[in-house]
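Engineer: Okay, sequence plus prediction incoming.
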Amino acid sequence: MKYLRSSRATLFSSVVSILFALVCILTFPGPLRAQDPDFSTPNTPTTLSGTFERIFRDQNTGVDSIRGSFYFTAPGDMFVQVTSPVNQYMIIREGSLTIFYPETKQAFRFNSANPILLPLITGLMATVLPDFGMGEMGFSLKDQHLAGDTLVSVWAHPQMQERLGRYEVFEMDEKIMLLQFFAPKGISWTRTRFDNYQPVATWQFPLHIFTQIQTGNNISTELVHLSDLKANTSHPEAIRNFRLPPETILVEKQW
């Protein structure tokens, strides 16, 4: 395998733009969080796979969409195959994120000292955890009340509320229906609705996830459609044993 270390700013900038488009397949409501929940528990699947379509609308930049398939293995391995608008793979393994273009045999690897976990999996797995996994992420329950047939729970971090803001979790029939995030000082908010829950193995997962995000005067929306979800099944061998072809040109960066 060939390794190429490039200092060209335009090349790296374009790859970083692609990276952020991919990792935002599903926006976690509120980018600041104390810690990620533990997904290696009996309450969550050891594997999860499916297809997705994400449609993002921004009043300043217009409409953007991405489609593909994902394969997750606990605690943090991930394989994403994007089929539109371009053909590319994204692989997360052992603290690195690799973006690979099979047609041109080019790859970009981002190495990190911290665990990497896509918002897509963070959001999906949290829907099967009590209170969206807020307790596991270090937040404390501040208030809880019934609004009709909906249980509303308010969460904030005991030491970092001024940095991490406030979350409101709405549950009905033991399913997360709505999650709201309010940033400190009211500078932004995020509202995510989870709909069309379907049984997947012994769990219930939402197939439609709609998010509204306000930052300043800008409001954007994100709609994620999921299908063909499978839990606790073996991924295809080509996914489990994927390796970059020997002729791949690889650019490596610290993230």
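Structural biologist: That came in fine, so what should we check first?

Engineer: With just CA atoms, put stretch 203-223 into PDB.
Structural biologist: Listed next in PDB are the C-alpha coordinates belonging to stretch 203-223 (Å, rounded to 0.1, in the frame of the first residue of the first chain):
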ATOM      1  CA  TRP A 203     -35.900  -3.700  20.500                       C
ATOM      2  CA  GLN A 204     -38.000  -0.900  19.100                       C
ATOM      3  CA  PHE A 205     -36.200   1.600  16.800                       C
ATOM      4  CA  PRO A 206     -37.500   4.700  15.100                       C
ATOM      5  CA  LEU A 207     -37.300   4.700  11.300                       C
ATOM      6  CA  HIS A 208     -38.000   8.500  10.900                       C
ATOM      7  CA  ILE A 209     -36.000  11.100  12.700                       C
ATOM      8  CA  PHE A 210     -36.700  14.800  12.200                       C
ATOM      9  CA  THR A 211     -34.500  17.500  13.700                       C
ATOM     10  CA  GLN A 212     -34.900  21.300  13.800                       C
ATOM     11  CA  ILE A 213     -31.800  23.300  14.700                       C
ATOM     12  CA  GLN A 214     -31.700  27.000  15.500                       C
ATOM     13  CA  THR A 215     -28.400  28.800  15.700                       C
ATOM     14  CA  GLY A 216     -28.700  32.500  16.000                       C
ATOM     15  CA  ASN A 217     -31.200  33.600  13.200                       C
ATOM     16  CA  ASN A 218     -30.600  30.500  11.100                       C
ATOM     17  CA  ILE A 219     -32.900  27.500  11.300                       C
ATOM     18  CA  SER A 220     -32.000  24.200   9.500                       C
ATOM     19  CA  THR A 221     -33.800  20.900   9.400                       C
ATOM     20  CA  GLU A 222     -32.600  17.300   9.000                       C
ATOM     21  CA  LEU A 223     -34.800  14.400   8.100                       C
END
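
Engineer: so how far is that stretch off the chain centroid?
Structural biologist: 12 Å (CA atoms, centre = their mean, to the nearest Å).

Engineer: and what of stretch 81-95?
Structural biologist: Distance, centroid of stretch 81-95 to centroid of chain: 13 Å (CA atoms, centre = their mean).

Engineer: Ends of that stretch, what's the gap?
Structural biologist: Taking CA to CA, to the nearest Å, stretch 81-95 runs 19 Å from one end to the other.

Engineer: buried ones in it?
Structural biologist: Neighbour counts over stretch 81-95 (16 or more other CB atoms under 10 Å) mark Q81, V82, Q88, Y89, M90, I91, I92 as buried. Any C-beta I mention is one placed from the backbone N, CA and C, and that applies to glycine too.
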